[in-house]
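Q: What follows is a predicted structure for the sequence shown.
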Amino acid sequence: MNNSTNCSSEKDWDELLKNIENAKKIGSPWEAYNFTLTNNNTKNKVASSFYIEHFFMAGILEAFLINERLDFKDLNKAIFEYVPNDFIHDIPANISQIVILKMVRLGYIEATKNENSILPIFNITKLGIETLQQQTFQNLSATSFFNYQTHLFSVQSQLLNRRSFKINVLAMSVAILSVILTIITMLREC
């Protein structure tokens, strides 16, 4: 071997050792994944929550068709007149507040102080108007609803498929048993 190869190998070796020492100082790259999961989501919960959230977002923007400024009470009233009855009875009451807050944070609506009340006045923003014009949340709501219904249909189909398989196995077992009994009966007669 020539000396340049040895020097290069020694430099590479030294650099590798330095990198190993630096990595030890930094700690494990897996530390970012060292946590306990508290996620209780199921496919059904996720599909349902997307549908509900998008429907509420569509309802919030639709409420501003009546008036560009709404107080909290009027906004909630408009939302709950827009959403289906089963939403009102089947979902937590604070969902509307969570979705309103999310829409404020995302810039679709803005909250301003109300001098006559502790509750804010809500205004639709330019982004909110453009989103309403494009029917974005209405389309997302319809798509989420279709996906949720498809998910429910898929779950029901899987259950039906399992039941059908079990019935087919049982029918095959009865048929095989019947053939065996027929053969035994024929052999006894001989």
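A: Arrived safely, thanks for sending. Residues are numbered from 1 along each chain as shown.
Q: what packs against the longest helix belonging to the chain?
A: If you go by DSSP state H, the chain has its longest helix at helix 136-189. Counting contacts by 3 or more CB pairs under 8 Å, 6 or more residues apart in numbering; DSSP states H and E, helix 136-189 packs against helix 43-63. Bear in mind the C-beta positions are built from the backbone N, C-alpha and C, glycine included.
Q: which residues are in contact with the helix it packs on?
A: Outside helix 43-63, the residues that touch it by CB atoms under 8 Å, 6 or more residues apart in numbering are 70, 74-75, 78-79, 82-84, 87, 91, 95-96, 99-100, 102-103, 108-109, 124, 128, 131-132, 137-138, 140-141, 143-145, 147-148, 151-152, 155.
Q: what does stretch 101-120 give?
A: Counting by CB under 8 Å, 6+ apart, 53, 57, 60-61, 64, 71-73, 100, 121-125, 127-128, 131 sit against stretch 101-120.
Q: still on that earlier bit, are any of the contacts of helix 43-63 buried, and which?
A: Listed as buried from these are 70, 75, 78-79, 82-83, 87, 95-96, 99-100, 103, 108-109, 124, 128, 131-132, 137-138, 140-141, 144-145, 148, 151; burial here means 16 or more other CB atoms under 10 Å.
Q: partner residues bridging the closest residue to D71 other than its chain neighbours?
A: Using CB to CB, 6 or more residues apart in numbering and skipping the chain neighbours, the partner closest in space to D71 is I121 (5.5 Å). Residues in a beta bridge with I121, per DSSP bridges, are D71, T112.
Q: So which bits of stretch 45-64 are buried?
A: For stretch 45-64, the neighbour count (16+ other CB under 10 Å) marks 47-48, 50-64 as buried.
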